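Novice: From the sequence below, what's the structure:
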Amino acid sequence: MPDWRYHFAVNRTLIGAGALVLTWMGLVAGQSAAPSRPAPAVQGPAPAAAPAPAPRASQAPAVPSASAAASSVAAQRALLDQYCVTCHNARLKTANLLLDQLDLSRLPEHVDVAETVVRKVRAGLMPPTSARKPDPAALKSLVSWMEGELDRAATTHLPAPGLHRLNRTEYTNAIRDLLSLEVDATAFLPADDSTRGFDNIAGALTMSPALMEAYLSAAGKISRLAVGTASAPSQQVFEVPADTAQNHHIEGLPFGTRGGILIKHQFPVDGQYAFKVKGVTGYFQAVLGGVAGEQLIVTVDGERVAQFDWDKEISNTTGNGRSTPRIPVTAGLHTVGVTFLATNDVPGSELNRPFQRTMNTPGSIPGFLFYPHVGQVQIEGPYDVTGAGETASRRAIFGCRPASAREEATCARAIVSRLARRAFRRPIAAADLRILMPFYQAGRGEDGTFDAGIEAALQRILADPEFIYRGEAEPAAVRPGQTYPISDLALASRLSFFLWSSLPDDQLVDLAARGRLKEPAVLERQVRRMLADPKSDALVRNFTGQWLGVRSLAASEPVVNLFPDFDDNLRAAYEREIELFFGAVVHEDRSVLDLLDADFTFVNERLAKQYGIPNVYGPHFRRVTLPASLDMRRGLLGKGALMTVTSNAARTSPVTRGKWFLQTFLGVSPPDPPPDVPAFVERAADTTGNTKPPTMRQALEAHRVSPTCASCHQIFEPMGLALENFDAVGSWRTLDEGQPIDASGTLPDGTRVSGVVDLRRSLERYSPQFVQVVAEKLLTYAIGRGTEHEDMPMVRRIGRDAAAGGYKFSALVLSIVKSDMFRMNQKAAAPAGTRVAGRGLSPADTRASR
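Specialist: Here you go, the predicted structure:
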């Protein structure tokens, strides 16, 4: 077969100039995509050439009369002068907020200052605790008046569109939905940058020559895997986290087993494969584990295919492990299990209470017995390949099979058209096939096969910018700086990547191609359908993982000597609890306020032990109602995952927790500390033994001696100290260094709290502010850019619309999807003197570059 892969070499030459991407999108003023790339097919009615009216960000309040407006301005000016200007003036410049110079009669001209004031007053942070405070009704009247002035004058902030590269999660899901193929994008692509708290922000998803090389390489590997092209034997390595406890059954493995690892693996072809197992090792690569007579089994889809005598075949290998004989496995996704037969139960029998985390101090306790643990599994192969097999990916690709050579071209065109339509998220035109079919023909060649031709075309599709990027071409009839509604096809992509982190399905594309998706009733039905689809779990997983910081659990390594029970099992259970808890709000269409005080959660046996919930057995999660004795576990504030990620490895951090509370629940980020602030001095015990070490509260009071530090810390430290009953791994405690914990404090609005329950209840009066924070974060995640001060009128409108819908999650999502920020764009101004190179490529064009 000819080496058709050289056709992709030309793409590398285009990276430096950016022509590969820019010409496809036609983003440069006065230029359109090269003739070889057709304009998208039916996208609904074209926008009118006349300038579109600026969309209103919110329903403007009635315009008051001149006399009433002047009276209102005077009243609010007096309030600011009496309670705010004493600190925020040109002389003191507190927080660099000069409210004495703020012209309230022209408030919309000072949107950055005004929105800062509104946000902090709405969150109850201003005036500060030590300052005089106006009547709450007067303070509420001030921010309501300011919001009304800002909303009345606002227009929707619509930055010009740009290129939005698929991040690793979106790429993985797109491959799954396009090819019915499960791949791990971390094996192909580097980690994505994150900004504004999310890794799907267009501005952070840049492209470099090295990253383009990674996408091109991934296209080749994935196309071969999907089609089932035989390759040389290779080795896939799967590590078991070192702090995983393996004394109990793992969900998905056969009953009567304990420990080990469960692997989902895509086998490329029908053939022979070997499975190599290594044990956890200590010094000098000695395999650890004091319980003798263990039997290890290897399973494929639950069927036992091999068994090891651990003592004779693995523990005496000095860590090198042992491989099974070669075992026939068909191509496709299979579940591989490596686990021990549960033959006895003696680990840690000499301890009064065995640690939840096993093998904490192997060898340090005389006579201490513990189970051996699986440390690593390697899947080697394929050997003795017998064919491509009948896999889900081949069924997704080969919608037809030519009965003769004469039928091959017709069948190939049908396959390539269908794959390109899904990959490019739009109908396919003849000009598209004029680009793609030569790659099929080059792969097919005289000596190749039909499958090889399809593989070549598929690789070309996966390397195309229209697959790698989410782009929205600007209509030529709209002048630079003018707003316009995005096309139905662009709307379909925005919707699917928001709710599914993946490609739109055929139903979405069909509706968009007919120009019907923008119809309000149709759009609402599609949103509800998509939220009900299991693929919406991607929204739950990605949004919560980043908004709440749960992703950072993977990097949490509490000090073993201080927290000997913390293990990877608990880490995984914490993460799963958050996903299921937030998922219940999404899939049951509950009020987002349930995130604050819901009386239920989801636990398995490991997490139930951590929380002190009785009668929960087994690794599977189930919903439980929290009893009154576990009132502290209600809502997000009671979740161990969030207490762990806001702590240090050896101790809690009230400062970190207080700032996290402000950002997560009230949407306010405290100022950064000054550059010369002294480092926190870790508390230490009196070496004479005469006094006890200070509690965290005492250590903070000793550290916070500067009035400058105290002015900020008094805002967020009480919130962090209210959470002090949770230790650094989320366990409930009543003592700190042997002394009773004092979790009391005074919040900036004057509310006295004495712990997490009071802190949670204090949020009730700020529930609209919390909903607005959730709306702002969801909006950022949905549109792929951070929100600015100019966006806040729209965020407030989304919150008001959600209130009318009972704050249900679907009401919040629908309000975002129907907003101008989601459905409209603004045409960019053209950079002067910019030229764009041609885009059209064919196999013949590349031969000179070989």
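Novice: which residues of the stretch 201-350 of the chain fall in strands?
Specialist: 234-239, 257-267, 270-279, 295-300, 303-309, 322-323, 327-329, 332-341 (DSSP state E, counting those that start in this stretch).
Novice: what's around N173, how many residues?
Specialist: 21 (other C-beta atoms under 10 Å). For every residue, glycine as well, the C-beta is placed using N, CA and C.
Novice: follow-up on the earlier one: could you dump the strands of the stretch 201-350 of the chain to a markdown table with mean neighbour count?
Specialist: Below are the strands of the stretch 201-350 of the chain laid out as a markdown table (neighbours: other C-beta atoms under 10 Å):
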| stretch | mean neighbour count |
| --- | --- |
| strand 234-239 | 12 |
| strand 257-267 | 19 |
| strand 270-279 | 22 |
| strand 295-300 | 20 |
| strand 303-309 | 15 |
| strand 322-323 | 17 |
| strand 327-329 | 17 |
| strand 332-341 | 20 |
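Novice: how about these, which one is nearest D384?
Specialist: D384 lies closest, by C-beta to C-beta, to one member of the strands of the stretch 201-350 of the chain: strand 270-279, at 4.6 Å.
Novice: Using PDB, list the CA coordinates for the closest one.
Specialist: The C-alpha coordinates for strand 270-279 follow below in PDB (Å, rounded to 0.1, in the frame of the first residue of the first chain):
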ATOM      1  CA  ASP A 270      -8.300 -10.100  17.400                       C
ATOM      2  CA  GLY A 271      -5.200 -11.700  18.700                       C
ATOM      3  CA  GLN A 272      -3.200 -13.000  21.600                       C
ATOM      4  CA  TYR A 273      -2.400 -10.800  24.600                       C
ATOM      5  CA  ALA A 274      -0.500 -11.300  27.800                       C
ATOM      6  CA  PHE A 275      -1.100  -9.700  31.200                       C
ATOM      7  CA  LYS A 276       1.800  -9.000  33.500                       C
ATOM      8  CA  VAL A 277       1.200  -8.300  37.200                       C
ATOM      9  CA  LYS A 278       3.500  -6.600  39.600                       C
ATOM     10  CA  GLY A 279       3.100  -6.400  43.400                       C
END
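Novice: neighbouring strands for it, and are they parallel or not?
Specialist: Sheet pairing of strand 270-279 (DSSP bridges) gives strand 322-323 (antiparallel), strand 327-329 (antiparallel), strand 374-387 (antiparallel).
Novice: out of these, which comes closest to P673?
Specialist: Nearest to P673 among these is strand 374-387; the distance by C-beta to C-beta comes to 42.1 Å.
Novice: count of residues packed around A78?
Specialist: With other C-beta under 10 Å as criterion, A78 counts 11.
Novice: no wait, T129
Specialist: 17.
Novice: number of nearby residues for the nearest residue to it once chain neighbours are set aside?
Specialist: Spatial nearest neighbour of T129, excluding adjacent residues (C-beta to C-beta, 6 or more residues apart in numbering): P748 at 5.2 Å. Look at P748: counted by other C-beta under 10 Å, it has 22 neighbours.
Novice: I figured P748 hits I715, correct?
Specialist: Yes. Between P748 and I715 there is a contact under C-beta atoms under 8 Å: 5.3 Å.
Novice: which neighbours do the two share?
Specialist: L125, P128, T129 (C-beta atoms under 8 Å, 6 or more residues apart in numbering).
Novice: Would you confirm that the last one contacts Q714?
Specialist: To tie it back to what came earlier, the one meant is T129. Yes. Between T129 and Q714 there is a contact at 5.7 Å, judged by C-beta under 8 Å.
Novice: shared neighbours, the two?
Specialist: P748.
Novice: separation between the residue most central in space within the chain and G389?
Specialist: The residue lying closest to the centre of the chain (C-alpha atoms, centre = their mean) is N542, at 2.6 Å. To G389, N542 is 32 Å away according to C-beta to C-beta, to the nearest Å.
Novice: again, but for G228
Specialist: Counting by C-beta to C-beta, the gap from G228 to G389 is 6 Å.
Novice: between those two, who's got more neighbours?
Specialist: G228 (24 against 18).
Novice: Do I have it right that that one meets P268?
Specialist: Yes. Using C-beta under 8 Å, G228 is in contact with P268, at 6.5 Å.
Novice: okay, and the common contacts of those two?
Specialist: Residues within reach of G228 and of P268 at once, by C-beta under 8 Å, 6+ apart, are A331.
Novice: can you give me the helices for the stretch 351-500 of the chain?
Specialist: 392-397, 408-424, 430-444, 450-462, 465-468, 488-499 (DSSP state H, counting those that start in this stretch).
Novice: tell me what the fifth one is packed against?
Specialist: Counting contacts by 3 or more C-beta pairs under 8 Å, 6 or more residues apart in numbering; DSSP states H and E, the secondary-structure elements packed against helix 465-468 are helix 19-25, helix 408-424.
Novice: returning to that earlier point: closest to I816 out of the strands paired with strand 270-279?
Specialist: Closest to I816 of those is strand 374-387 (C-beta to C-beta; 42.9 Å).
Novice: Can you point out the buried residues in the closest one?
Specialist: V374, G375, Q376, V377, I379, E380, G381, P382, V385 (16 or more other C-beta atoms under 10 Å).
Novice: Would you state the helices of the stretch 51-200 of the chain in chain order?
Specialist: Using DSSP H, counting those that start in this stretch, the helices of the stretch 51-200 of the chain run over 66-83, 111-122, 136-153, 168-179.
Novice: Can you tell me which of the ones you listed is most buried?
Specialist: Highest mean neighbour count among those (mean count of other C-beta atoms under 10 Å): helix 168-179, with a mean of 22.
Novice: packing partners for it?
Specialist: Applying 3+ C-beta pairs under 8 Å, 6+ apart, we find helix 168-179 packed against helix 209-227, helix 392-397, helix 408-424, helix 537-547.
Novice: Tell me which of those helices sits nearest to P475.
Specialist: Among the helices and strands packed on helix 168-179, helix 408-424 sits nearest to P475 (C-beta to C-beta), with 18.4 Å.
Novice: List the buried residues in the closest one.
Specialist: By 16+ other C-beta under 10 Å, the buried positions in helix 408-424 come out as 408-409, 411-413, 415-424.
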